[in-house]
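Requesting a structural model of the entry that follows:
(chains A and B)
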There are 2 protein chains.
Amino acid sequence: MPQPVNIVFIGAGNVATHLSKALQDAGNKIIQVISRTEQSAKILASDLNCEYSDDITKINPDCDLIIISVGDKQIHEVLSKLRADDKMIVHTSGSLEMNLLSKVSRNFGVFYPLQTFTKNTKVDFFSIPVLIEANSDENQDFIKGVASEISSDVRVISSDQRKIVHLAAVIVNNFTNLNYTVAEYLLAENNLPFDVLKPLIMETARKVMTERPSQIQTGPAYREDDETILKHIEILSGNLGYKEFYEVMTKAITYHKKENEKL
Amino acid sequence: MPQPVNIVFIGAGNVATHLSKALQDAGNKIIQVISRTEQSAKILASDLNCEYSDDITKINPDCDLIIISVGDKQIHEVLSKLRADDKMIVHTSGSLEMNLLSKVSRNFGVFYPLQTFTKNTKVDFFSIPVLIEANSDENQDFIKGVASEISSDVRVISSDQRKIVHLAAVIVNNFTNLNYTVAEYLLAENNLPFDVLKPLIMETARKVMTERPSQIQTGPAYREDDETILKHIEILSGNLGYKEFYEVMTKAITYHKKENEKL
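Residues are numbered from 1 along each chain as shown, chains lettered A, B, ... in the order given. Got it, this is the predicted structure:
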């Protein structure tokens, strides 16, 4: 068993909430939660049974690890005020450089759990990939040890690679949720319930657990069924944004079909 | 128990394969498979242990129900040759009008199972919505009876409504698989494995089983995090199609955010 680690969380949002609980359940001690508002720090800290603060300069000196889990926009402000005293410090962002942290400590890295978190919805951390990076082999071993306590899928990747993974994650998560949203609006406008799509949504995701998505594309765009495509564009013609969305997606499916045929 | 029905299938593709087996398992008799090529008819017919043909004019006269399950492009050719002799006839298309079938029979309707089917992958038909329509109350009762044997979710909807549902299905299925494909390419170009995204893909789908997608959107576009968006566009700048795809999706997420805020 690895030695339990004393952890300070900076941030009290969805990622901080889920990650801190998973780390605590694995036997570590969350000793402090610091957040911009005392109220949000207090809510998480009471769950974790630890101290809290809204003052970033008051890091508990007993910590072995500081985890910054705030929005990408907030991190610069956090770093400008933070005194980390060469404590081990990581951020949990998919898109930010690791080296941002070099300003505040000589021991730093990244701890990026690749999942979407919702408050009040428990996730099984064990299957979530944790993408880590560190500024030295020793620090990497330390971060890997902590990550391996909560996940069976810990991967070391560089900041540049992580940016690509983050972009891919935005596409399969945020853009896919946009597809669901467009469908929700379209159905609602026609007094049809969204739930009719649920089995299809699950099966579409399930399929790519075993198949390469590029190899299983179907639908009117892939079949080059122009009659159906034109009917769809006509349905959407009252909303120029939707029409453009449909046309760009259709074009992209055709593009990938041609790319595939080249192989 | 409803009376078993003698069924002829026209078509031997994915929908015909899965639907015929489900109907047979429910106690009906598939008496014939007709397909454009004798070979594809034979493969399905041997699974079902029934006769087969590539001649659409040779419908087995003992049938109670003819199910046309061919591509939307093929149906006009099928109908131009078919002699249905006022047998009950349905098609399984999401986007085609029911009334197309009025040319070949006085008893007709639609039997549209809303799911994506893959050969060699068994699906649980029971939870799949079957959207039905018929040209009379009596015929509707008959189709509903057959559909209810294989699905717990049978809904009567009009051809106009079905077109909307089909478009929504294209968006959540084909367009979402496109998202997965773009991510697959992007990762492959950077020597990163697609499997890192799998837990995220499943969770993104799972979330909308209980939440409205419009209410749970996240990500850089939703947060209006222009710094991250610009970084992403820069990564994609080598592929104008991807860049356009990213920009249109980002714009659509912003649009929905503003629509939501109006409510």
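
Return the residues in contact with the nearest residue to residue A:112 once chain neighbours are set aside.
Excluding the flanking residues, the one nearest residue A:112 by C-beta to C-beta, 6 or more residues apart in numbering or on different chains is residue A:131, at 4.4 Å. Bear in mind the C-beta positions are built from the backbone N, C-alpha and C, glycine included. Residue A:131 makes contact with A:94, A:110, A:112, A:113, A:114, A:155, A:156, A:157, A:162, A:165, B:196, according to C-beta atoms under 8 Å, 6 or more residues apart in numbering or on different chains.

and the helix or strand where residue A:131 lies, C-alpha only, in PDB?
Using DSSP states H and E, residue A:131 maps to strand A:130-134. Only the C-alpha atoms of strand A:130-134 are listed here, as PDB (Å, rounded to 0.1, in the frame of the first residue of the first chain):
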ATOM      1  CA  VAL A 130      -6.000   9.800 -15.700                       C
ATOM      2  CA  LEU A 131      -3.500  11.600 -18.000                       C
ATOM      3  CA  ILE A 132      -0.400  12.600 -16.000                       C
ATOM      4  CA  GLU A 133       2.700  14.600 -16.600                       C
ATOM      5  CA  ALA A 134       5.500  15.800 -14.300                       C
END
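
After it, which helix or strand is next?
helix A:137-150.

which element is the most far-flung residue of chain A relative to its centre on?
Distance from the C-alpha centroid of chain A peaks at residue A:227, with 39.0 Å (C-alpha atoms, centre = their mean). Using DSSP H and E, residue A:227 sits in helix A:226-235.

buried stuff in that helix?
A:228, A:229, A:231, A:232, A:235 (16 or more other C-beta atoms under 10 Å in any protein chain shown).

can you state the direction angle for the helix or strand that that helix is followed by and helix A:226-235?
As assigned by DSSP H and E, the chain's next helix or strand after helix A:226-235 is helix A:240-262. Angle, helix A:240-262 to helix A:226-235, by axes from the mean of the first three to the mean of the last three C-alpha atoms, to 10 degrees: 160 degrees.

Give the other helices and strands that helix A:240-262 contacts.
helix A:176-189, helix A:220-223, helix A:226-235, helix B:176-189, helix B:240-262 (3 or more C-beta pairs under 8 Å, 6 or more residues apart in numbering or on different chains; DSSP states H and E).

quick check: angle from that helix to helix B:176-189?
50 degrees.

List the contacts of helix A:240-262.
A:182, A:186, A:214-215, A:217, A:219-222, A:224, A:229, A:232-233, A:236-237, B:171, B:174-175, B:178, B:181-182, B:185, B:241-242, B:244-245, B:248-249, B:251-252, B:255.

Just the buried ones from the contacts of residue A:131, in ChimeraX syntax?
The buried subset of these, as determined by 16+ other C-beta under 10 Å, is captured in ChimeraX by this line:
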select /A:94,110,112,113,114,155,157,162,165 /B:196
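
So, low pLDDT: which residues of chain A?
Along chain A, the model assigns pLDDT under 70 to residues A:1-2.

quick revisit: by contact count, what packs against the helix holding residue A:227?
Partner elements for helix A:226-235 (3+ C-beta pairs under 8 Å, 6+ apart): helix A:220-223, helix A:240-262, helix B:159-170.

ok so, going back, and residue A:85, which of the helices and strands packed on helix A:240-262 is closest to it?
helix B:176-189 (38.0 Å; C-beta to C-beta).
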